[in-house]
Every structure is written in C-alpha cells, then in structure tokens.
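> sequence and predicted structure are below.
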Amino acid sequence: AVRLDRLERAAALLSRLSRAGPFAPPRDLPSILGCRADDLPAVLAALGYVQQDGLFSRRPRKGVRS
C-alpha cells in the first residue's frame, strides 16, 4: 500500500523523467513511495513502467500508434 500523496509525487517525478526516454530511478524514490528498494521494480510495473537493462520506460499503451 502506498499513500496517495506519495503516489502522486512519485507519478509526477516519473512522468518528468520518462519524457527524455528510459531512466534510472532516483535513489530517493523508494523513500518517496514508502517501500524498500527491492520492491521498486514491482511498484513501477504496477504504475505502468517496464524495466529493460536496469532502466525503466513507460509501457506502450494498447491501441495507440507512435
């Protein structure tokens, strides 16, 4: 469970980071979300991000053409 205010803060940060392409999560992201660093990939996956080679990017939306 993640507090809504923390989730909104993290979502805004992740959105800014993902605009430039794949990104490494900031070191303070687990503390923002209130989770352990080991749990971060699962939390980011639940938020719609995919991990590849240690970097995260937004999961492509279904039905949206590039």
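Arrived safely, thanks for sending.

> just give me the longest helix of this protein.
Scanning the chain for the longest helix, with DSSP state H as the assignment, gives helix 4-18.

> how about it as CSV, C-alpha atoms only?
The C-alpha trace of helix 4-18 is given here as CSV (Å, rounded to 0.1, in the frame of the first residue of the first chain):
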residue,chain,number,x,y,z
LEU,A,4,-2.0,8.7,-2.2
ASP,A,5,0.1,11.9,-1.7
ARG,A,6,3.3,9.9,-2.1
LEU,A,7,2.0,8.1,-5.1
GLU,A,8,1.1,11.4,-6.8
ARG,A,9,4.5,12.9,-6.0
ALA,A,10,6.2,9.8,-7.4
ALA,A,11,4.0,9.7,-10.5
ALA,A,12,4.8,13.3,-11.3
LEU,A,13,8.5,12.7,-10.9
LEU,A,14,8.4,9.5,-13.1
SER,A,15,6.5,11.3,-15.8
ARG,A,16,9.1,14.1,-16.0
LEU,A,17,11.9,11.5,-16.1
SER,A,18,10.3,9.3,-18.7
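
> go through the helix or strand that that helix is followed by and flag the buried ones.
Later in the chain than helix 4-18, the nearest helix or strand by DSSP states H and E is helix 29-33. Buried residues in helix 29-33, counted by 16 or more other C-beta atoms under 10 Å: L29, P30, I32, L33. For glycine as for every other residue, the C-beta is placed from the backbone atoms N, C-alpha and C.

> next one: stretch 6-23
Buried residues in stretch 6-23 (16+ other C-beta under 10 Å): L7, A10, L13, L14, L17, P22, F23.

> ok, stretch 49-66 next?
Across stretch 49-66, burial judged by 16+ other C-beta under 10 Å covers Y49, F56.

> quick one: contacts for L33?
V2, R6, L7, A10, L40, V43 (C-beta atoms under 8 Å, 6 or more residues apart in numbering).

> and it, how far is that from E8?
The gap separating L33 from E8 is 11 Å, by C-beta to C-beta, to the nearest Å.

> with P26 instead?
Taking C-beta to C-beta as the measure, P26 and E8 are separated by 16 Å.

> the residue nearest the centre of the chain: what secondary structure?
Nearest to the mean C-alpha position of the chain, counting by C-alpha atoms, centre = their mean, stands L44 at 4.0 Å. Using DSSP: H, G, I helix; E, B strand; the rest coil, the secondary structure recorded for L44 is helix.
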